[in-house]
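1. Here is a sequence with its predicted model. Questions after.
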Amino acid sequence: MGQPPHNVPTRRASLSQALRALRRLRGLGPGEVADAMGMARRSFEYFEAGRGKLNVDRVHQVAQILDVDPFAILAAVEIRSPQFAVRCAEHKLMTVFMIALQEFDASALDDIARLNASTIISGFTRIFDALAKEAKEGEDFVEKWMGEGDPPPNGQEDHAPDQPEAPDGPGGSTDPDDPEPPTKEP
């Protein structure tokens, strides 16, 4: 794992930068968020500036209003990376992680205590390396995952085995999105 940058923001600065970036991402002003939270604009600005004690319930309330990941905001504060909250805004990575963690806790129970640190580090490293690779592949991964270019499941053909394949062209495409159905040859 790499060394942390020298200019790491404080927890308060991380919270402030994350909240401000998420609010701007959603195109809202401080007054709009304050109104939605039922609080005075000055109180919201105080909270958004990272002043006072961290209020987890308020973080969840802001996240709900902005439709972002509350756990990513909290993680961003701890890892001192405000942009992490922004990166997770759409897909809610940390909420998904927390649900998986909850399921892991419910299934493994006291066996969790028997895991050693190297096993945990190795497991998370493999998972995060795989996620980083898939994220870098971008659209290629999505297309592969959606099955474009892959054979149909169970090795089935797109057409019946005893019929010849229809030629492409007007009236002969086998593309399901083609408005003209395939024509039968006489």
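-> Structure received. What you see is a predicted model; the values in this text were computed from it and never measured.

2. use CA for all of it now, contacts and neighbours both
-> Fine.

3. where in this structure is pLDDT low?
-> Scanning the chain for pLDDT under 70 picks out the ranges 1-6, 139-143, 145-186.

4. so who does residue 94 touch?
-> Neighbouring residues of residue 94 by CA atoms under 8 Å, 6 or more residues apart in numbering: 69-72, 75, 88.

5. buried sites along the longest helix seen in the chain?
-> Taking DSSP state H as the criterion, the chain has its longest helix at helix 117-137. Within helix 117-137, no residue is scored as buried using 16 or more other CA atoms under 10 Å.

6. How far away from the center of its chain is that helix?
-> 15 Å (CA atoms, centre = their mean, to the nearest Å).

7. elements contacting that helix?
-> Helices and strands touching helix 117-137, as assessed by 3 or more CA pairs under 8 Å, 6 or more residues apart in numbering; DSSP states H and E, are absent.

8. let's see it at 10 Å
-> Applying 3 or more CA pairs under 10 Å, 6 or more residues apart in numbering; DSSP states H and E, we find helix 117-137 packed against helix 139-146.

9. Distance of the most centrally placed residue in the chain relative to residue 39?
-> Nearest to the geometric centre of the chain sits residue 91, at 2.7 Å (CA atoms, centre = their mean). Separation of residue 91 from residue 39 (CA to CA, to the nearest Å): 28 Å.
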